[in-house]
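[1] A structural model of the following input is requested.
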Amino acid sequence: MRIILLGLPGAGKGTQADRICSRYGIPHISTGDMFRAAIAAGTPLGQKVKPYLDSGRLVPDELTISIIRERLQQADASVGFLLDGFPRTLAQAQALDEMLREIRKPLDAVIYLHVERDVLLARLTGRRICRSCGATFHVVNQPPKVEGVCDACGGELYQRPDDSEETMRVRLEQYAQTEPLIAFYTDRSLLKTVEGQQPIEQVWEHVQSVLSQVGPSGTSRDQ
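    Next up, the predicted model:
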């Protein structure tokens, strides 16, 4: 399977991506995870992208595209992949289209997790991360047993700078650039919309149903 997972921040892409990748045995390629790992490691890439992530702005297309091109050439991506967080702009989608045509690996499906913006803002500003093990909690939806303390390792929970309300409002406005992607992939008969405001298990059932109907290169198995 070669899949793109679209959705605004907080739509639940990470949760569904993990399940899809486990189900189909494909790598989860998340630009956000790649950027944050580079920042934590203090690499040149991390130094370039940190100002963008901290302020909620999108990382420039040229930089993001070059990273994805390099990642898709790695061996594990030969069996398929799930792209999470890329593409985010029409220019990125067009570059990816050309890139996949060159390497003869057409997409099978683009899943769009739809969630209303006010719901997303509430989800995102309540997220807390463990400084020690990276476990994720939510002050409302998944609170720790002890406030500010990780259930798994006892580490301190904190709010990432890019999860603050001010930053999140900027991010959601920036992500308005992703709206043309809906039309782009609809025109290519690849877009499959899943309502992301349902409980996680119901979202997963819908995702599995959608993917079970997808054949090679995005065609329906009924065709």
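[2] angles on the backbone of residue 9, please.
    Main-chain torsions, residue 9, degrees, to the nearest 10: phi -50, psi 130.
[3] kindly provide the distance from it to residue 172.
    Remark: distance between residue 9 and residue 172 (Cβ to Cβ, to the nearest Å) = 7 Å. For the C-beta atoms, the positions are set from N, CA and C on the backbone; glycine is no exception.
[4] next one: residue 138
    Where residue 172 is concerned, residue 138 sits at a distance of 18 Å (Cβ to Cβ).
[5] next: residue 153.
    31 Å.
[6] what about the strands in the protein?
    Applying DSSP state E to the chain gives strands spanning 2-6, 28-30, 81-84, 109-114, 127-130, 136-138, 157-158, 191-195.
[7] now mean neighbour count, mean pLDDT and distance to residue 73 too, for these, in a markdown table please.
    Shown next, in a markdown table, are these (neighbours: other Cβ atoms under 10 Å; pLDDT from 0 to 100; distance: least, Cβ to Cβ, whole Å):
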| stretch | mean neighbour count | mean pLDDT | distance to residue 73 |
| --- | --- | --- | --- |
| strand 2-6 | 24 | 96 | 14 |
| strand 28-30 | 20 | 91 | 12 |
| strand 81-84 | 24 | 95 | 11 |
| strand 109-114 | 22 | 95 | 21 |
| strand 127-130 | 20 | 92 | 31 |
| strand 136-138 | 16 | 90 | 30 |
| strand 157-158 | 17 | 96 | 35 |
| strand 191-195 | 18 | 96 | 26 |
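[8] take these and write them to JSON lines, including distance to residue 43.
    Formatted as JSON lines, the strands of the chain follow (distance: least, Cβ to Cβ, whole Å):
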{"stretch": "strand 2-6", "distance to residue 43": "25"}
{"stretch": "strand 28-30", "distance to residue 43": "17"}
{"stretch": "strand 81-84", "distance to residue 43": "20"}
{"stretch": "strand 109-114", "distance to residue 43": "30"}
{"stretch": "strand 127-130", "distance to residue 43": "20"}
{"stretch": "strand 136-138", "distance to residue 43": "23"}
{"stretch": "strand 157-158", "distance to residue 43": "22"}
{"stretch": "strand 191-195", "distance to residue 43": "34"}
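[9] what's the lowest-mean-pLDDT helix or strand in the chain in contact with?
    Sorting the helices and strands of the chain by mean pLDDT, DSSP states H and E puts helix 165-174 at the bottom, at a mean of 77. Residues from elsewhere that reach helix 165-174, judged by Cβ atoms under 8 Å, 6 or more residues apart in numbering: 8-9, 54-58, 117, 120-121, 124-125, 161-162.
[10] now do stretch 12-31
    Residues outside stretch 12-31 that contact it (Cβ under 8 Å, 6+ apart): 1-3, 5-7, 59, 64, 67-68, 71-72, 76-77, 79-86, 111, 113, 115, 196, 200, 203-204, 207-208, 211.
[11] then stretch 87-95?
    4, 58, 61, 64-65, 86, 96, 175, 177-178, 180-181, 184-185.
[12] again, but for stretch 196-204
    Against stretch 196-204 from outside (Cβ under 8 Å, 6+ apart): 7, 11-12, 15-16, 19, 113-116, 119, 194-195, 206.
[13] middle-most residue in this structure, spatially?
    residue 84 (3.2 Å; Cα atoms, centre = their mean).
[14] so what sits opposite that one in the bridge?
    According to DSSP bridges, the residues that bridge with residue 84 are residue 5, residue 30.
[15] just to check, it is in contact with residue 5?
    Yes. Between residue 84 and residue 5 a contact is recorded at 4.9 Å, counting by Cβ atoms under 8 Å.
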